[in-house]
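In: All I have is the shape, not the residue letters:
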């Protein structure tokens, strides 16, 4: 016998019928409420609460849907409709891509192996996206599940993903990390084709350090493209596509070397080589005058000495992800990859007497502030350096304690609309000019 939440003692079959009746009533009521939903009838505070409540419901229903889909797979009833797999059946029901259905089912199966993650997902405490990251990290380090669930309540999705990536990376042995890297390198590929609309398409798979080199090169050519566009009214991805074509043309003509004296966007000297994508055992020093870029690897000093990371340590390319420590060690002395050793110079003592931010200080800021310092903003590229305590014009010093990195939007509203950045690293607050009554992410409330 089963006991229903409303204290009905019923048979299993009748229990299912009763739950379905409740859910169908809830669905009909939701259709009634949202069919005539007019958001302008609600105050801003009520709208915030509506988003919170509907988000809770969305998480609950998403988890319930996937748990039920796993049961469909167990009973194989989807095969009656001609579906060989439950993912295609689920995609037909939901109208979502098959890939999304596969990902959701995999997340639910993985989460179900970890009781804490399963309970949090079932209770609607975390989203499916958060559950995917936490469950994956818990597979590597089961003892980290509780702390990651606590982190999920405080961190943005981007910050949580990075935390989970660090857990997964530090849980692997050096041999496992090298093997993973080599598997990616051996499976590298590039495919180009023309789609049904006649548009040229391309898809590539490369190692993380090779991707970092490509991004660095694209960034150089993107800046060249943007110099010639007075009104930038297209999305950034469009200009990046133009930059890719410009990079290819420069490679053919040999003109890329004309930019040999350029500096990167941080105002730092760039270097040149073509080492990306080679395995850690066969890297060779080799100069190439047509490619000039700088890629940074961040590694803990003790991990660099030891040869691999342990829990709490990192070896990664900022904005891309973990790489084996052996990759960092193999590029010592090479010009392509700059190593940032986190137990090195005390950057808090670096001070300059001008607005120019020199290399050591800029590196420190990029490591300290990988994304916009405004809480909730995960923008990582591009970012501007702001004298946030005392403005440079007012005599503010160019040192770490007076600097913060902000996205263009938040830098603008701070500079021109009276918003203030306070608190310092780890405790940032973005305060509006009328005592915190406006939300910095509500752009209509800033002007």
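Out: Perfect, I can see it now. Here the structure is a predicted model, which means the values were calculated and not measured.

In: and residue 230, how many neighbours?
Out: 7 (other C-beta atoms under 10 Å). (Each C-beta comes from the backbone N, C-alpha and C, glycine too.)

In: Please apply the same query to residue 242.
Out: 17.

In: my read: it touches residue 226, true?
Out: No - the pair residue 242 / residue 226 is not scored as a contact, 9.1 Å apart, by C-beta atoms under 8 Å.

In: how's the chain carved up into domains?
Out: As assigned by automatic domain parsing, the chain contains the domains 15-171, 190-341, 369-445.

In: Of these, which shows the lowest average pLDDT?
Out: Among the domains of the chain, domain 190-341 has the lowest mean pLDDT, at a mean of 69.

In: what residue is smack in the middle of the protein?
Out: Note on the chain: the residue nearest the mean C-alpha position is residue 158, at 4.2 Å, using C-alpha atoms, centre = their mean.

In: which residues touch the nearest residue to that residue once chain neighbours are set aside?
Out: Using C-beta to C-beta, 6 or more residues apart in numbering and skipping the chain neighbours, the partner closest in space to residue 158 is residue 378 (3.8 Å). Neighbouring residues of residue 378 by C-beta atoms under 8 Å, 6 or more residues apart in numbering: 156-159, 371-372.

In: roughly how far apart are residue 378 and residue 112?
Out: Applying C-beta to C-beta, to the nearest Å, the value for residue 378 to residue 112 is 29 Å.

In: Now the two most distant members of the contacts of residue 378.
Out: Spatial extent of these (C-beta to C-beta) is set by the pair 157 and 372 at 14.4 Å.

In: Among these two, which residue is more densely surrounded?
Out: Using other C-beta under 10 Å, the more surrounded residue of residue 157 and residue 372 is residue 372, with 23 against 13.

In: Go ahead and confirm that one touches residue 408.
Out: No - with contact defined as C-beta under 8 Å, residue 372 and residue 408 do not form a contacting pair (9.2 Å).

In: so what sits against both of these two?
Out: Between them, residue 372 and residue 408 share no contacting residue, judged by C-beta under 8 Å, 6+ apart.

In: on that earlier part again, nearest to residue 177, of the domains of the chain?
Out: domain 190-341 (4.0 Å).

In: where exactly do the strands run in this structure?
Out: Along the chain, counting by DSSP state E, strands occupy 2-3, 9-10, 189-194, 200-205, 295-299, 315-317, 321-322, 337-341, 351-352, 383-387, 398-399, 403-407, 420-422, 429-431.

In: okay, these in CSV with distance to residue 57 next?
Out: Shown next, in CSV, are the strands of the chain (distance: least, C-beta to C-beta, whole Å):
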stretch, distance to residue 57
strand 2-3, 24
strand 9-10, 26
strand 189-194, 41
strand 200-205, 36
strand 295-299, 40
strand 315-317, 36
strand 321-322, 33
strand 337-341, 44
strand 351-352, 52
strand 383-387, 35
strand 398-399, 48
strand 403-407, 31
strand 420-422, 35
strand 429-431, 29
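
In: Kindly present these as JSON lines, with separate columns for mean neighbour count and distance to residue 363.
Out: Formatted as JSON lines, the strands of the chain follow (neighbours: other C-beta atoms under 10 Å; distance: least, C-beta to C-beta, whole Å):
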{"stretch": "strand 2-3", "mean neighbour count": "12", "distance to residue 363": "61"}
{"stretch": "strand 9-10", "mean neighbour count": "12", "distance to residue 363": "65"}
{"stretch": "strand 189-194", "mean neighbour count": "9", "distance to residue 363": "32"}
{"stretch": "strand 200-205", "mean neighbour count": "11", "distance to residue 363": "28"}
{"stretch": "strand 295-299", "mean neighbour count": "22", "distance to residue 363": "8"}
{"stretch": "strand 315-317", "mean neighbour count": "22", "distance to residue 363": "14"}
{"stretch": "strand 321-322", "mean neighbour count": "20", "distance to residue 363": "19"}
{"stretch": "strand 337-341", "mean neighbour count": "18", "distance to residue 363": "6"}
{"stretch": "strand 351-352", "mean neighbour count": "13", "distance to residue 363": "14"}
{"stretch": "strand 383-387", "mean neighbour count": "19", "distance to residue 363": "12"}
{"stretch": "strand 398-399", "mean neighbour count": "18", "distance to residue 363": "14"}
{"stretch": "strand 403-407", "mean neighbour count": "23", "distance to residue 363": "12"}
{"stretch": "strand 420-422", "mean neighbour count": "15", "distance to residue 363": "21"}
{"stretch": "strand 429-431", "mean neighbour count": "18", "distance to residue 363": "25"}
